[in-house]
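Asker: After the sequence you'll find the predicted model.
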There are 2 protein chains.
Amino acid sequence: MKKDIPEISLQRLPVYLNYLRSLSGDDGKYISSGAIAAALGMGEVLVRKDLAYTSGVGRPKVGYVREELIAALEDYLGCNIKKQAVLVGAGELGRALLAYGGFEKYGISIACAFDSDPEKAGSIVAGKPVRPVSELPGLAEEGIKLAIVAVPASAAQSVCMELARDGVKAILNFAPVRLKAPDGVVIRDIDVAANLAVLSNML
Amino acid sequence: MKKDIPEISLQRLPVYLNYLRSLSGDDGKYISSGAIAAALGMGEVLVRKDLAYTSGVGRPKVGYVREELIAALEDYLGCNIKKQAVLVGAGELGRALLAYGGFEKYGISIACAFDSDPEKAGSIVAGKPVRPVSELPGLAEEGIKLAIVAVPASAAQSVCMELARDGVKAILNFAPVRLKAPDGVVIRDIDVAANLAVLSNML
């Protein structure tokens, strides 16, 4: 882990990267922290501080060279280092995640999925093999450290413990339950329904 | 919007609710803030403060009556008020969200989807009709205020503006772009790939 950056700043780096990538050559060679801040509805000082972590330093008056800033962000986020992840749970959401192409721009590819249902194991979804969960212990040998969990809530904690035993160090959890991270494992929970419920409450 | 609760506390309420719902009758009638805090890896003072917003007040020594606390959380989160949401973008992720049953426990049902692809419009996915985007202006009349956006990044901002014109007040955005909220509209962005990239960086 890059210990020098606060997690909250780290979380914003993909937002900058997405924005900068969305610009075209017509938008000019340079971009200022003020322009980035205005486009993203953020404070300029914050933007400058976040970007400084990536070694992106703007030049007085003109700002950042856009291509250099993109490269600095990609480098910092490890987009150029190929990483493999696995997915556990090939249900509706899992299958959508297998078909989702968005991970590649961060250098991440989903190697395969695992499912406890013998009818699913052995199938191919979006070009990725679905393997039986009994093969999870093989992950350690394959050197895979990233996993996405999309199993039902009732199974999520035990899957998480199994993944930790198999050498996984980071888990993105879509099961609607807060997972307790085993030692040395980082977890992010994304509860889609809870997010919508909270939004609905803010009306 | 319930103005008396900080958003950060509001976001934790579904976490408590999920946990309490996961317990069975065997776990006893009462539960203490300490037990909840320990189960979720949170601080006890924080738990007590969050739950106080929902009118859930524990009794000295024994704690909360679990069923009462569940009812208070459900009431506060509006789970008993039926609400409809729509989904824009019936691609892979959109289709998975249509099939996803998790919204109902918060009183939310997905009424239908919209897609700009004439081949998709008119089809039925997971029992929900997919309508052409030209019918979005009808939402105002239907009184729908919640929307999920699962369109490509390049289309997301214009879809968001269209939804705002159609009376939508809250948008859950899965497109990997930070949306600028029109006046009076609240937005939450969930960038699945960015979350995995950030996790991978924390290794």
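Answerer: Perfect, I can see it now. Since this is a predicted model, take the numbers as computed values, not measurements.
Asker: can you pull the buried residues of the helix or strand harbouring A:Ala155?
Answerer: Element membership of A:Ala155 [criterion: DSSP states H and E] is helix A:153-165. In terms of neighbour count (16 or more other Cβ atoms under 10 Å in any protein chain shown), helix A:153-165 has its buried residues at A:Ala153, A:Ala155, A:Ala156, A:Gln157, A:Val159, A:Cys160, A:Glu162, A:Leu163, A:Ala164. Using the backbone N, CA and C atoms, a C-beta is placed for each residue, glycine as well.
Asker: can I get the residues you listed in JSON lines with distance to B:Gly41 and pLDDT?
Answerer: Formatted as JSON lines, the buried residues of helix A:153-165 follow (distance: Cβ to Cβ, whole Å; pLDDT from 0 to 100):
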{"residue": "A:Ala153", "distance to B:Gly41": "17", "pLDDT": "87"}
{"residue": "A:Ala155", "distance to B:Gly41": "19", "pLDDT": "94"}
{"residue": "A:Ala156", "distance to B:Gly41": "15", "pLDDT": "94"}
{"residue": "A:Gln157", "distance to B:Gly41": "12", "pLDDT": "94"}
{"residue": "A:Val159", "distance to B:Gly41": "18", "pLDDT": "97"}
{"residue": "A:Cys160", "distance to B:Gly41": "13", "pLDDT": "97"}
{"residue": "A:Glu162", "distance to B:Gly41": "19", "pLDDT": "96"}
{"residue": "A:Leu163", "distance to B:Gly41": "18", "pLDDT": "97"}
{"residue": "A:Ala164", "distance to B:Gly41": "15", "pLDDT": "96"}
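Asker: Verify the stated contact: A:Tyr16 with A:Lys49.
Answerer: No. A:Tyr16 is beyond contact range of A:Lys49, at 11.8 Å (criterion: Cβ atoms under 8 Å).
Asker: Those two - which one has more neighbours?
Answerer: A:Tyr16 (23 against 13; other Cβ atoms under 10 Å in any protein chain shown).
Asker: wait, is the more buried one part of a helix?
Answerer: Yes. Under DSSP: H, G, I helix; E, B strand; the rest coil, A:Tyr16 falls within a helix.
Asker: what's near enough to touch it?
Answerer: A:Ile36, A:Leu40, A:Val47, A:Asp50, A:Leu51, A:Leu69, A:Leu73 (Cβ atoms under 8 Å, 6 or more residues apart in numbering or on different chains).
Asker: which of these come close to chain B?
Answerer: Filtering those for neighbours of chain B using Cβ under 8 Å from any Cβ of the partner chain leaves A:Leu40.
Asker: In helices, which of the contacts of A:Tyr16 fall?
Answerer: Using DSSP state H, A:Ile36, A:Leu40, A:Val47, A:Asp50, A:Leu51, A:Leu69, A:Leu73 are the members of those that sit in helices.
Asker: how about the nearest residue to the second one, chain neighbours excluded?
Answerer: If you skip the residues right next to it in sequence, A:Leu40 has B:Arg178 as its closest partner in space, 5.4 Å away by Cβ to Cβ, 6 or more residues apart in numbering or on different chains.
Asker: Check the first one too.
Answerer: Excluding its sequence neighbours, the residue lying closest to A:Ile36 (Cβ to Cβ, 6+ apart) is A:Val47, at 5.2 Å.
Asker: what about that neighbour, distance to A:Val62?
Answerer: 16 Å (Cβ to Cβ, to the nearest Å).
Asker: wait, is A:Ile110 part of a strand?
Answerer: Yes. Assessed by three-state DSSP, A:Ile110 belongs to a strand.
Asker: Let me see the contact set for it.
Answerer: Here A:Ile110 is in contact with A:Gln84, A:Ala85, A:Val86, A:Leu87, A:Leu97, A:Leu98, A:Phe103, A:Lys128, A:Ile148 (Cβ under 8 Å, 6+ apart).
Asker: Of those, which belong to helices?
Answerer: Per DSSP H, the subset of the contacts of A:Ile110 in helices is A:Leu97, A:Leu98.
Asker: May I ask which two of the contacts of A:Ile110 are separated the most?
Answerer: Spatially, the most separated pair among these is A:Gln84 and A:Leu97, at 14.4 Å (Cβ to Cβ).
Asker: In CSV, could you pull the C-alpha coordinates for stretch A:114-132?
Answerer: Extracted in CSV, the C-alpha atoms of stretch A:114-132 (Å, rounded to 0.1, in the frame of the first residue of the first chain):
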residue,chain,number,x,y,z
PHE,A,114,-15.9,-19.6,-9.0
ASP,A,115,-19.4,-20.9,-8.1
SER,A,116,-20.6,-23.5,-5.7
ASP,A,117,-23.4,-24.6,-8.0
PRO,A,118,-22.3,-27.7,-9.9
GLU,A,119,-24.5,-26.7,-12.8
LYS,A,120,-22.6,-23.4,-13.2
ALA,A,121,-19.1,-24.7,-12.6
GLY,A,122,-17.6,-25.8,-15.9
SER,A,123,-19.5,-23.2,-17.9
ILE,A,124,-18.0,-20.2,-19.7
VAL,A,125,-19.4,-16.7,-19.1
ALA,A,126,-18.3,-13.8,-21.2
GLY,A,127,-15.3,-15.9,-22.3
LYS,A,128,-14.2,-16.6,-18.7
PRO,A,129,-14.3,-20.1,-17.2
VAL,A,130,-16.5,-20.7,-14.1
ARG,A,131,-14.7,-23.2,-11.8
PRO,A,132,-16.0,-25.1,-8.8
